[in-house]
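Asks: Return atomic coordinates for the entry below.
(one chain, ligands or ions: 1)
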Amino acid sequence: MADRKTSAEVILAKSAGFCFGVERAVNRVYEEISKGGSIYTYGPIIHNKEVVSDLESRGVRVVETPEDIKKIDHGTVVIRSHGVSRETDRLIRESGLSCVDATCPFVKRIHRTVEAESAAGKHIVIVGNPVHPEVIGIMGWSSTPVTVIQSPEDIQKLDDFRNSELCVVAQTTFNAKKFQDLVDILEKKEYNVLCVNTICNATHERQSEARSIAARADIMIVIGDSSSSNSAKLYEICRRECARTFFIQTWNDLHLTLTGAEKVIGITAGASTPKNIIEEVYDHSHRRGSRGTDHRCQTR
Ligand code: SF4
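Replies: Purely as a prediction, here's the structure:
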């Protein structure tokens, strides 16, 4: 979105904010709130403190472990978009609690692939961050041990599987180029590889759009929670294109001085940033950018 009424053009990325999977999961929690009863999410529903606090104020509790589930005697547990392992999934469903499975369908597809290919005897390789909840969940759908890699150096972990068939999948938010580079190395080393590219387009589209806006921008604003890895990645991408890139959680975090020479202010946001926070930043940037002659305004 661009508005040329301002002296600086403010461009808000179309892909800013909740992706399909996160929006679906958050909506499912609000639907459950409207029905009443005790509601729990297995892990914070998204990496955004504002949303999690809002849910808390409406009585939603976060549970973190299978032991926490065992202590609950009634209510509904919502599985977030990252998904959970097969064991945790079974525990929730067999606990007598209601289960709302908001695992993103793209993540669910990885679970199904890993389940089927490990059962068929392939060694599962996940390209991703081994401590990320999505990756931990995916690992839990394999019936055999899994190797997680994220760099060329990690490929040596596969030395023991030289004669095995490998099924390689990716964490949905993994960098597409790095994924392809790793698969190319495995193929060059003549591993027997079935590669299933499970990277989600939402991430790729958000990153490409952010890169192209940042390349034109004098100031680039990335909105996201400090614990959100996809927002941090967006910041990194934008920072490479635009030296004046700011990473903020809400409008209150933005401290910058406009020189008056800015022609373009770009805004993007990570997948867990709610619409109202994005709109607030857009509205303020728009107003500050249109201050006529006084462009040395302090934008907080
Ligand atoms: S980034 Fe993609 S895979 Fe992950 S929750 Fe969003 S839509 Fe689903």
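
Asks: Flag the shaky bits of the stretch 1-150 of the chain, pLDDT-wise.
Replies: 1-6 (pLDDT under 70).

Asks: Quick check: which element contains the residue of it found nearest the ligand?
Replies: With C-beta to the nearest ligand atom, the shortest gap between the stretch 1-150 of the chain and the ligand falls at Gly21, namely 2.5 Å. (Glycine included, C-beta is placed from N, CA and C.) In the assignment (DSSP states H and E), Gly21 maps to helix 20-35.

Asks: CA-only coordinates of that helix in PDB, if you can.
Replies: Only the C-alpha atoms of helix 20-35 are listed here, as PDB (Å, rounded to 0.1, in the frame of the first residue of the first chain):
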ATOM      1  CA  PHE A  20      -2.500 -18.100   6.800                       C
ATOM      2  CA  GLY A  21      -1.500 -20.700   9.400                       C
ATOM      3  CA  VAL A  22      -1.000 -18.200  12.300                       C
ATOM      4  CA  GLU A  23      -4.200 -16.400  11.600                       C
ATOM      5  CA  ARG A  24      -6.100 -19.600  11.500                       C
ATOM      6  CA  ALA A  25      -4.600 -20.700  14.900                       C
ATOM      7  CA  VAL A  26      -5.300 -17.400  16.600                       C
ATOM      8  CA  ASN A  27      -8.900 -17.300  15.300                       C
ATOM      9  CA  ARG A  28      -9.400 -20.800  16.600                       C
ATOM     10  CA  VAL A  29      -8.500 -19.700  20.100                       C
ATOM     11  CA  TYR A  30     -10.800 -16.700  19.900                       C
ATOM     12  CA  GLU A  31     -13.600 -19.000  18.700                       C
ATOM     13  CA  GLU A  32     -13.100 -21.200  21.700                       C
ATOM     14  CA  ILE A  33     -13.100 -18.200  24.000                       C
ATOM     15  CA  SER A  34     -16.500 -17.200  22.600                       C
ATOM     16  CA  LYS A  35     -17.900 -20.700  23.500                       C
END
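
Asks: Could you pull out the buried residues of it?
Replies: Of all the residues in helix 20-35, those buried under the rule 16 or more other C-beta atoms under 10 Å are Gly21, Val22, Glu23, Ala25, Val26, Arg28, Val29, Glu32.

Asks: helix or strand right after it?
Replies: Using DSSP H and E, the helix or strand that follows helix 20-35 towards the C-terminus is strand 39-42.

Asks: what's that next one packed up against?
Replies: helix 20-35, strand 61-63, strand 76-79 (3 or more C-beta pairs under 8 Å, 6 or more residues apart in numbering; DSSP states H and E).

Asks: Strand partners (parallel or antiparallel) of that strand?
Replies: Strand 39-42 pairs in its sheet with strand 61-63 (parallel), strand 76-79 (parallel), by DSSP bridges.

Asks: Shouldn't Met220 be within a helix?
Replies: No - read with DSSP: H, G, I helix; E, B strand; the rest coil, Met220 is strand and lies in no helix.
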